[in-house]
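# I would like the atomic coordinates for the input below:
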Amino acid sequence: MVIRAGFTGASGDELALISPTGALLRRLTTNDNEDRSPACSPSGLVAWNKGPRGSSKQMPKFWVADTTGQGSRSLAFGEGEIAWSGDGTRLVLSRITIVGSNLFTIHSDGSGLTQITR
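Here you go, the predicted model:
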């Protein structure tokens with residue numbers, strides 16, 4: 001199965017679980033934000049970046065949930081790409097700012113945010 005960003009639903013760009021043939025299996029998110037950059041863990045979790053749509057003043061955040069879309073929780077503020085560690089316990093976040101981007105690691109429960117580049 002594949003997690004795809006950009007599934008256009010009633011609320012805008014959402015995440016969806018897609019079969020290898022391209023059939024929609026399940027929408028994972030339904031909100032008024034732009035969900036992007038999904039990454040699947042070996043343990044069955046999905047992480048993504050949730051950003052504001054249009055002129056919203058909302059800050060983008062990194063989120064994680066299981067592949068049913070349940071148990072979603074915010075990990076950290078920021079916008080960028082995401083990758084999982086091989087054992088699925090940590091993530092690497094590429095946080096983009098106005099002065100550039102830096103890499104951070106964080107546990108999948110949201111604890112231990114650590115900057116690893118400057």
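# which ones are touching residue 91?
By C-beta atoms under 8 Å, 6 or more residues apart in numbering, residue 91 lies in contact with 39, 47, 62, 64, 75, 82-85, 105-106, 108. For the C-beta atoms, the positions are set from N, CA and C on the backbone; glycine is no exception.
# Could you export stretch 102-118 as CSV, CA atoms only?
Extracted as CSV, the C-alpha positions of stretch 102-118 are listed here (Å, rounded to 0.1, in the frame of the first residue of the first chain):
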residue,chain,number,x,y,z
ASN,A,102,18.2,22.3,9.2
LEU,A,103,17.8,18.6,10.1
PHE,A,104,16.3,17.5,13.4
THR,A,105,15.5,14.2,14.9
ILE,A,106,12.5,13.4,17.1
HIS,A,107,10.9,10.4,18.7
SER,A,108,7.6,9.2,17.2
ASP,A,109,5.8,10.2,20.4
GLY,A,110,7.0,13.8,19.9
SER,A,111,9.7,13.9,22.6
GLY,A,112,13.4,14.5,22.2
LEU,A,113,13.5,17.1,19.3
THR,A,114,17.2,17.5,18.6
GLN,A,115,18.8,19.7,16.0
ILE,A,116,21.6,17.8,14.1
THR,A,117,22.7,20.4,11.6
ARG,A,118,23.4,24.2,11.9
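# So what's the predicted local confidence for residue 51?
Note on residue 51: pLDDT of 78.
# check contacts around the residue nearest the centre of the chain.
With distances taken as C-alpha atoms, centre = their mean, residue 48 lies nearest the centre of the chain, 0.5 Å away. Residues near residue 48 by C-beta under 8 Å, 6+ apart: 3, 5, 15, 29, 35-39, 62-64, 82.
# 6 Å instead, please
Applying C-beta atoms under 6 Å, 6 or more residues apart in numbering to residue 48 gives the contacts 15, 35, 37-38, 63.
# do residue 46 as well
Neighbours of residue 46 in contact, by C-beta under 6 Å, 6+ apart: 3, 38, 40, 65, 67.
# who's it bridged to?
Legend: beta-bridge partners of residue 46 under DSSP bridges are residue 40, residue 65.
# hey, where'd the strands end up in this structure?
For the chain, the strands defined by DSSP state E occupy 2-9, 12-18, 24-27, 34-40, 45-51, 61-66, 73-77, 80-84, 90-97, 100-107, 114-115.
# Perfect, I'm done here.
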